[in-house]
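**Student:** sharing a model prediction with you, sequence too.
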Amino acid sequence: MSSVRTSLTTALVATVLTVALSACGPRPDPVHKEQILAMGTMVNITLWGVDNDVAQKAFTAANQDFNYMQTAYHPWKPGPMGRTNQLLALDAWFSANPSILPLIKRAKALYHASDGLFNPAIGRLIGLWGFHSDTLPKGPPPSKAAIERLVAQHPTMDDIQIKGIRVRSTNPAVQLDTGGFAKGYAVDRVVDHLRRLGVSNAIVDAGGDLRAIGSHGGEPWHIGIRDPSAPGILAEVDVQGDESVFTSGVYERFYMYKGKRYHHIIDPRTGYPARGTTSATVIGSDGATSDAAATALLIAGPKLWHRVAESMGIKYAMLVASDGTVYMNPAMAKRMHFEHKPPKVVLSAPL
């Protein structure tokens, strides 16, 4: 057997293992690959075991789906989410956009499951830090007074009320930014569409955060997890059946000012970028939950991650602390194959 490896240089690195041709054996099923620029990242789609017609229909559908959701869910450009935020600031009932209402409902559920650490209602805080822009800030961070004013207003998903298709916010400080899980939510929608088109084996990788279904010619999908502190791979894991692998890291979107890094994952309790963790990786059954959980666990940090993972129903989780210590539950430890031995590994109680 031989293997064909495709590396991705984002939060995750997906490697696809293939079965080589033998001299007298049957030809393997075809592999089809497509690259799409969407959701602010490069999306790589790999299909296994379908003919050319199905593959082209699948790629066209995925491209249309991602483009639509990119416009609908964008937190600061004109579109359904932007209009929703304008209406939420008015303290009055309005009919929710059909593309946004399911997202709000899912966000409320994940907010509660995470003990409030995953909080898409803090869009104003994220904007205050300069992350509602296609270009990163170059000046100083926001003032302490400005941060404290927004934190004191305590915007949460509980401030959003839903009655049927009607929605309102009781807190004018609420502004939705679903960037903490919209990518996972979008990946789920695309995978559902691929299945309806007859695709049973695929990876949909949005900038390294991915969902894999089926297998690659009977072999598992081979996933590499980025090292948060150096170029290259920290660890590898095999997935097959239907699993999502999502990582949140402080290296994804940040700016430097006077030698200090300010990243985009804001702790809703303090109003400042989360501290103590450089990355959090989750393996879960769906993209939306895994995406939100990775964000919540990074914010929770080494002291609280286990409790939050348990609350969110996560079975496989790994954190890399700022000092390089790796925290995992035993089930995750059994699946991880490290490229280099971490300086220290701390195993938690089972989840």
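**Tutor:** Nice, thanks for sending it over.
**Student:** going forward, measure contacts between C-alpha atoms and count neighbours the same way
**Tutor:** Noted.
**Student:** helices of the protein, residue ranges please.
**Tutor:** Under the criterion DSSP state H, helices of the chain are mapped to 52-73, 80-88, 101-113, 123-128, 144-153, 182-196, 287-311, 330-335.
**Student:** now, of these, which is deepest in the fold?
**Tutor:** Most buried of the helices of the chain, by mean neighbour count (mean count of other CA atoms under 10 Å): helix 287-311, with a mean of 25.
**Student:** quick one: residue 161 from residue 31, how far?
**Tutor:** Relative to residue 31, residue 161 is positioned 46 Å away (criterion: CA to CA, to the nearest Å).
**Student:** then residue 126?
**Tutor:** 40 Å.
**Student:** and the residue most central in space within the chain, what does it touch?
**Tutor:** The C-alpha lying nearest the average C-alpha coordinate of the chain belongs to residue 291 (CA atoms, centre = their mean; 3.3 Å). Applying CA atoms under 8 Å, 6 or more residues apart in numbering to residue 291 gives the contacts 180-181, 183-184, 209, 246-248, 282.
**Student:** rebuild the residues you listed as CSV, extending it with distance to residue 40 and pLDDT.
**Tutor:** Shown next, in CSV, are these (distance: CA to CA, whole Å; pLDDT from 0 to 100):
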residue, distance to residue 40, pLDDT
180, 13, 93
181, 13, 95
183, 9, 95
184, 13, 97
209, 13, 94
246, 16, 98
247, 16, 97
248, 15, 97
282, 21, 98
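**Student:** show me the two of those that sit farthest apart.
**Tutor:** 183 and 282 (14.4 Å; CA to CA).
**Student:** quote the end-to-end distance of stretch 190-202.
**Tutor:** First-to-last residue span, stretch 190-202, CA to CA: 11 Å.
**Student:** what's the answer for stretch 155-168, then?
**Tutor:** End-to-end span of stretch 155-168 (CA to CA): 13 Å.
**Student:** also stretch 159-168?
**Tutor:** 8 Å.
**Student:** domains in this structure, by residue range?
**Tutor:** Using automatic domain parsing, the domain parsing of the chain gives 12-57+201-347, 73-180.
**Student:** select from those domains the stretch with the lowest mean pLDDT.
**Tutor:** Looking at the domains of the chain, the lowest mean pLDDT belongs to domain 12-57+201-347 (a mean of 90).
**Student:** I am finished for the moment; much appreciated.
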